[in-house]
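1. Sharing a sequence plus its predicted fold:
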Amino acid sequence: MSIALSLLDLAPIPARSTARESFATSVALARAAERSGYRRVWYAEHHNMPTIASSATSVLIGYIATQTESIRLGSGGIMLPNHSPMVIAEQFGTLATLFPDRIDLGLGRAPGSDQNTQLALRRDPSAADTFPQDVLELQGFLSGHSRIPGVQAVPRADEIVPLYILGSSLFGAQLAARLGLPYAFASHFAPDALTQAVSVYRDTFQPSAQLENPYVIAGVNVFAADDHDQAVQQKAVAYRARTRAMLTRGARGMNFTDAEIDEFLASPNGAQLAGMTRYTAVGTPSEVRDYLAAFAETAQADELITAHHASEVDDRVRSIELTGQVLNLLPESK
């Protein structure tokens with residue numbers, strides 16, 4: 001069996017576009033992943049970000065499920081400190097009841113927002129401190145073994161919704177290992193601790209009712225095209241736009257030329273920002289295949305979450321399709 005591929009979709013809202021158009025694009029991407037052999041699509045919770053439409057993550061998952069047939073759909077992730085475990089259990093119990101054997105629940109402890117937005121969410125600043133306990137409480141609701149006497153999450157699906165711990169540090173790796181859950185590392189934008197976190201997870205993993213052996217998922221960026229130069233150009237355009245957005249923070253009247261962006265990324269000040277996308281596969285299907293195979297070995301990954309960032313929707317769909325074509329050519333996971 002070859003290594004599994006997943007797709008990460010943040011439902012981005014490009015300039016001069018709308019959230020409705022973003023959701024239509026999400027349908028197109030999910031359908032492309034489904035016909036190309038991907039195992040699942042992940043949607044991430046973000047708040048107060050005008051360029052990301054996946055804030056109501058469970059609602060978006062439900063919508064995409066009605067527009068697809070078989071591919072698994074999950075949160076990558078729900079930021080559990082923003083919510084009560086019972087509410088999330090109810091939401092994902094509902095999804096799994098409506099769409100059996102298709103729903104996954106990835107959990108993170110980051111706020112997915114800024115400090116003022118945390119206040120608007122009624123999020124307690126110390127909520128992240130109880131993340132391990134909240135995961136166990138949520139697990140109890142989903143399994144029908146509530147940790148709160150007399151309280152059940154309704155509806156509860158016939159199946160137990162699989163949990164995944166998402167992170168970019170040793171904390172998530174240690175927690176996933178202790179609870180015997182799959183671990184997904186956000187190496188597509190936070191690469192520094194990847195190898196250390198995976199080693200800690202694999203070395204300290206304790207089997208559970210959900211998972212007998214450790215299961216690692218690692219994030220990687222992809223620009224796949226029929227022509228190498230075309231893929232390189234797509235990467236340049238997308239990463240310039242990303243850098244420009246981070247530098248301007250939406251401020252009116254601020255803009256930078258492509259040359260200025262390239263100069264910044266090559267400078268010491270831009271090195272950290274450029275380094276965030278260190279793990280990026282670029283090129284033709286064979287080039288992408290070789291990169292993903294080497295990356296999977298480095299990350300000791302059983303599954304890769306691919307993030308396709310081409311600015312044009314058609315190019316993103318094509319990148320998903322071409323990457324799917326090399327799925328069965330990747331080596332078996334370790």
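-> Received, thanks.

2. Residue ranges in the stretch 151-300 of the chain under the pLDDT threshold?
-> Where the stretch 151-300 of the chain drops to pLDDT under 70, the residues are 249-254.

3. Am I right that V220 is in a strand?
-> Yes - secondary structure of V220 (DSSP: H, G, I helix; E, B strand; the rest coil): part of a strand.

4. With adjacent residues omitted, what lies nearest to it?
-> Spatial nearest neighbour of V220, excluding adjacent residues (Cβ to Cβ, 6 or more residues apart in numbering): Y279 at 4.8 Å. In this view, the C-beta of every residue, glycine as well, is placed from N, C-alpha and C.

5. Identify the residues contacting the one you found.
-> S187, H188, P191, L194, A218, G219, V220, N221, F295 (Cβ atoms under 8 Å, 6 or more residues apart in numbering).

6. From Y239, how far out is the closest residue to the third one other than its chain neighbours?
-> With sequence-adjacent residues excluded and distances taken as Cβ to Cβ, 6+ apart, P191 is closest to R278, at 4.6 Å. Distance, R278 to Y239, using Cβ to Cβ, to the nearest Å: 12 Å.

7. So between these two, which is more surrounded?
-> Comparing R278 with Y239 by other Cβ atoms under 10 Å, the one with more neighbours is Y239, at 21 against 15.

8. Please give the element, helix or strand, for that one.
-> For Y239, the host element (DSSP states H and E) is helix 228-248.

9. which residues touch that helix?
-> Contacts for helix 228-248 (Cβ under 8 Å, 6+ apart): 51, 223-225, 254-256, 258, 261-262, 264-265, 270, 273, 277, 280, 282-284, 287, 309-312, 315, 319.

10. where exactly do the strands run in the stretch 1-150 of the chain?
-> Listed in chain order, the strands of the stretch 1-150 of the chain (DSSP state E, counting those that start in this stretch) span 4-9, 40-43, 72-79, 103-108.

11. for the first one, packing partners?
-> Which is strand 4-9. Contacts defined by 3 or more Cβ pairs under 8 Å, 6 or more residues apart in numbering; DSSP states H and E place strand 4-9 against helix 19-35, strand 40-43, strand 303-308, helix 313-325.

12. coming back round to it: what about the residue nearest to P191, which SS state?
-> Relying on three-state DSSP, one would call R278 coil.

13. Go through the helices and strands packed on strand 4-9 and name the closest to Q152.
-> With Cβ to Cβ as the measure, strand 40-43 is the member of those nearest Q152 (26.5 Å).

14. who's in contact with the closest residue to I320 other than its chain neighbours?
-> Nearest residue to I320, sequence neighbours excluded (Cβ to Cβ, 6+ apart): A32, at 4.5 Å. By Cβ under 8 Å, 6+ apart, the residues touching A32 are V317, I320, E321, G324.

15. State the distance from A32 to P125.
-> A32 is 40 Å from P125, by Cβ to Cβ.

16. Kindly report the same for I103.
-> As judged by Cβ to Cβ, I103 and P125 stand 30 Å apart.

17. Have a look at these two and say which one is more surrounded.
-> It is I103, of I103 and P125, that has more neighbours when counted by other Cβ under 10 Å, with 27 against 11.

18. Could you report the pLDDT at that one?
-> I103 carries a pLDDT value of 98.

19. just checking, it touches Y164?
-> No - I103 is beyond contact range of Y164, at 11.7 Å (criterion: Cβ atoms under 8 Å).

20. what's the overlap in contacts for the two?
-> Common neighbours of I103 and Y164 (criterion: Cβ under 8 Å, 6+ apart): G74.

21. Would you mind giving the strands of the stretch 1-150 of the chain as CSV with distance to E21 added?
-> Listed next are those as CSV, based on distance: least, Cβ to Cβ, whole Å:
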stretch, distance to E21
strand 4-9, 14
strand 40-43, 16
strand 72-79, 20
strand 103-108, 25
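
22. And stretch 65-79, end to end?
-> 21 Å (Cα to Cα, to the nearest Å).

23. which residues of the stretch 51-200 of the chain fall in helices?
-> For the stretch 51-200 of the chain, the helices defined by DSSP state H, counting those that start in this stretch occupy 57-67, 85-98, 115-120, 131-143, 170-179, 194-204.

24. Leaving out sequence neighbours, find the closest residue to L265.
-> Nearest non-adjacent residue to L265 (Cβ to Cβ, 6+ apart): A274, at 4.6 Å.

25. quick one: that neighbour and T280, what's the gap?
-> For A274 relative to T280 (Cβ to Cβ), the value is 10 Å.

26. what's the answer for M246, then?
-> M246 is 17 Å from T280, by Cβ to Cβ.

27. Could you do P214 as well?
-> Taking Cβ to Cβ, one finds P214 at 26 Å from T280.

28. Kindly report the same for Y215.
-> From Y215 over to T280 (counting by Cβ to Cβ), the distance is 24 Å.

29. What of V87?
-> Distance from V87 to T280, by Cβ to Cβ: 36 Å.
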